[in-house]
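Asks: Generate coordinates for the sequence data below:
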Amino acid sequence: MSTSIAKRRAGGAGIKWFGAVTAILLLAFSVFVATRTPASTAVEPSPIVQHSAPSISGPTVTGGRFSLSNYRGEFVLVNFFASWCASCAIEEPQLVRFSKSGIGKVLAVDFQDEDRPAIAFLGRYGANWPAVADPNGQIAVKWGVSAPPESFLVSPSGVVLTKIVGPVTAKELAILVQVAKANGY
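Replies: You can find the predicted model right below:
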């Protein structure tokens with residue numbers, strides 16, 4: 001009788017270990033899925049693509065004023081970001097590389113965020129482009145943005161060429177600009 005009790009206890013311990021290991025693996029997988037970087041840029045359809053870019057003009061997070069029209073004649077990446085956005089933190093070093101390449105300008109729109117955290121976020125990555133404040137999401141609505149990061153490549157003539165949802169790389173942006181130039185933009 002004591003042998004069968006010992007076997008049951010040993011079997012119960014095995015089930016507990018199996019349950020604990022399964023729970024840990026499930027938790028690790030959930031964290032992986034929630035925090036992974038997408039394998040590629042998602043170029044999304046948008047009603048503003050191939051149309052004139054909606055205006056962006058207003059106060060910047062640093063207290064100045066800026067307008068998208070200041071960049072007329074250049075390729076511009078309009079990037080909707082927020083300091084609280086984990087994917088934006090993944091993307092930001094890539095935007096700095098793109099900006100430093102001289103291929104195009106970056107105009108950031110601080111999406112439903114506060115100025116101080118946005119300034120700290122941009123400073124942490126060495127981003128030195130204008131960031132227009134959009135605390136209530138009014139600019140985002142005009143552009144069809146639902147959550148950061150979302151970006152739009154705008155041609156030198158002010159036409160929205162593409163909408164990008166999720167983090168984008170400097171290399172992907174360089175290719176998009178190269179394709180746009182090859183198509184006469």
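Asks: ok, the residue positioned nearest the centre of the chain to Asn70 distance?
Replies: When C-alpha atoms, centre = their mean is applied to the chain, the residue found nearest the centroid is Pro149 (2.5 Å). Distance, Pro149 to Asn70, by C-beta to C-beta, to the nearest Å: 22 Å. For glycine as for every other residue, the C-beta is placed from the backbone atoms N, C-alpha and C.
Asks: one step back: right, and the residue nearest to the centre of the chain touches Glu91 too?
Replies: Yes: using C-beta atoms under 8 Å, Pro149 makes contact with Glu91 at a distance of 5.2 Å.
Asks: so what sits against both of the two?
Replies: Asn79, Phe81, Pro167, Val168 (C-beta atoms under 8 Å, 6 or more residues apart in numbering).
Asks: Tell me what the first one is bridged to.
Replies: On DSSP bridges, the residues paired with Asn79 through beta bridges are Ala108, Ser151.
Asks: doesn't Lys105 make contact with it?
Replies: No: between Asn79 and Lys105 there is no contact under C-beta under 8 Å: 10.6 Å.
Asks: who has more neighbours, those two?
Replies: Regarding Asn79 and Lys105, a neighbour count based on other C-beta atoms under 10 Å identifies Asn79 as having more, with 26 against 19.
Asks: if I look at the more buried one, how far off is Ile164?
Replies: Relative to Ile164, and taking C-beta to C-beta, Asn79 is found at 9 Å.
Asks: now swap in Trp143 and tell me
Replies: 12 Å.
Asks: which residues sit in contact with Ser52?
Replies: Ser52 neighbours (C-beta under 8 Å, 6+ apart): Gly158, Val159, Val160.
Asks: intersection of neighbour lists for Asn79 and Ile164?
Replies: Joint contacts of Asn79 and Ile164 (C-beta under 8 Å, 6+ apart) are Glu150, Ser151.
Asks: residues contacting the residue nearest to the centre of the chain?
Replies: Asn79, Phe80, Phe81, Cys85, Ser87, Cys88, Glu91, Val165, Gly166, Pro167, Val168.
Asks: tell me the mean pLDDT for stretch 158-165?
Replies: Averaging pLDDT along stretch 158-165 gives 97.
Asks: ugh, typo on my part, it should be stretch 121-140
Replies: 97.
Asks: So what touches it?
Replies: 54, 56-62, 64, 66, 80-81, 83, 88-89, 92-93, 95-96, 99, 105-115, 118, 145-146.
Asks: got it, and stretch 174-185?
Replies: Taking C-beta under 8 Å, 6+ apart as the rule, stretch 174-185 contacts Phe75, Phe98, Ser101, Ile103, Gly104, Leu153, Ser155, Pro156, Ser157, Val159, Leu161, Thr162.
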